[in-house]
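Participant: Okay, structure incoming, though there's no sequence with it:
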């Protein structure tokens, strides 16, 4: 590892880019979610005239100038309105396979801890990065680290020997945080209904947002629960303090997004293990978790049990993410269940989220249960007509049930 200042970083990237095999629009894979290495990316952007920037759920701080193509399999707020967006549909567990085949990385830009005993940690964002590092090094690529003393040191697949890094730049900068807002009545009710479905000793996968937060809050008092998730936030910290979790099993995820309190708690904490995506999101591994309970949200569910969690007005809003990985894995697990939880009415768009038939491509289909503030609709194991009836009577908003019944007759479902 060669630790340099900003000018040294720019020279290292310039030398790399001047090599013939990397001269034309190299692919830069960067830490995403809450770990975007903004400072290092800024200096890299000053050197490369054109390049493809691949980051999962990239937020604020992404370069948006001509010459930069935004490429991802999960669209974040920083790419959502990009005119150059190249969305590559893929289950999250398969993104590392893309590095080996269709999307080989030339530069990997990391946001890490400062070294401890000859190692650094990828901190709150492990995800698809270990695979990207391996592929870049195998291809003679460049691995750059923005080292930050504020990044918490986490254990698992994100620990790297410093000699795996070619160039490092130390930057003292605050991390991106997510602070949960107050729960409204609908979210609280959905959370209560979801929590009632989670048995003692279950293994949990949840996302981020009001509904997952409310579901986790409803689990206070349970015992022997495990966590095997793509990510987790502060709700898991609260349950750990309440003694909900099985102390013989680590809290396992692939990345974290939460408050400064969460980051301080995970720093050097052996209870938390961040694993690479090929492990956390492998449906076969998920299926081996006892009573695997996957809790995801969605934008729409139709009367055939198809779920849209990706697209709005025929534009990509996010992507498959890990929802499909966990839905499949949970349904194959012993006593597993895949829950989709959402409001029955979208407050901003002022429309029903239970629709007759999706007009957008489906993200996934046939969860075990759909939960709204209106009730719980069982789906898996039911005939099509039973599914449709349950979604109308138990999940849909009362104001649209008559309309949905008419559409269901037209579709041959009632």
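Facilitator: Perfect, I can see it now. From a predicted model like this one, the values you see are computed outputs, not experimental measurements.
Participant: Buried residues in stretch 377-396, which are they?
Facilitator: Across stretch 377-396, burial judged by 16 or more other CB atoms under 10 Å covers 377-379, 382, 387-392, 394-396. The way it works is simple: take the backbone N, C-alpha and C, and place the C-beta from them, glycine included.
Participant: This structure: helices as residue ranges?
Facilitator: Ranges of helices within the chain are 6-18, 38-47, 95-100, 129-138, 185-196, 210-217, 234-241, 260-266, 277-280, 283-287, 323-332, 384-390, 401-410, based on DSSP state H.
Participant: To residue 297, which of those lies closest?
Facilitator: Nearest of these to residue 297, taken as CB to CB: helix 210-217 at 5.3 Å.
Participant: isn't residue 252 right up against residue 230?
Facilitator: No: Residue 252 is beyond contact range of residue 230, at 10.0 Å (criterion: CB atoms under 8 Å).
Participant: before we move on, back to that, of the buried residues of stretch 377-396, which pair is most distant in space?
Facilitator: For those, the maximum inter-member distance is 15.8 Å, found between 382 and 396 (CB to CB).
Participant: Quick one: mean pLDDT over stretch 38-55.
Facilitator: The pLDDT scores in stretch 38-55 average 94.
Participant: taking the mean pLDDT, what do you get for stretch 348-355?
Facilitator: Stretch 348-355 carries an average pLDDT of 91.
Participant: Mind listing what's buried along that stretch?
Facilitator: Within stretch 348-355, the residues that qualify as buried are 352-355, counting by 16+ other CB under 10 Å.
Participant: Kindly report the same for stretch 121-138.
Facilitator: Those buried within stretch 121-138 under the rule 16+ other CB under 10 Å are 121-136.
Participant: End to end on that stretch, go ahead and measure it.
Facilitator: From its first residue to its last, stretch 121-138 covers 21 Å (CA to CA, to the nearest Å).
Participant: Could you chop the protein up by domain?
Facilitator: Using automatic domain parsing, the domain parsing of the chain gives 2-170, 185-410.
Participant: of all those domains, which lies closest to residue 177?
Facilitator: When the domains of the chain are compared by CB to CB, domain 185-410 sits nearest residue 177, at 5.5 Å.
Participant: What's opposite residue 370 in the beta bridge?
Facilitator: According to DSSP bridges, the residues that bridge with residue 370 are residue 340, residue 377.
Participant: low-scoring pLDDT stretches of this protein, where are they?
Facilitator: In the predicted model of the chain, residues 1, 4, 20-23 satisfy pLDDT under 70.
Participant: any idea where the strands of the stretch 1-150 of the chain begin and end?
Facilitator: Under the criterion DSSP state E, counting those that start in this stretch, the stretch 1-150 of the chain contains strands at 2-3, 27-30, 51-54, 68-72, 86-87, 107-112, 119-121, 142-147.
Participant: same deal with the stretch 151-300 of the chain?
Facilitator: Secondary structure of the stretch 151-300 of the chain (DSSP E, counting those that start in this stretch): strands located at 155-156, 159-161, 167-170, 203-206, 226-227, 231-232, 251-253, 255-256, 272-274, 292-296, 300-302.
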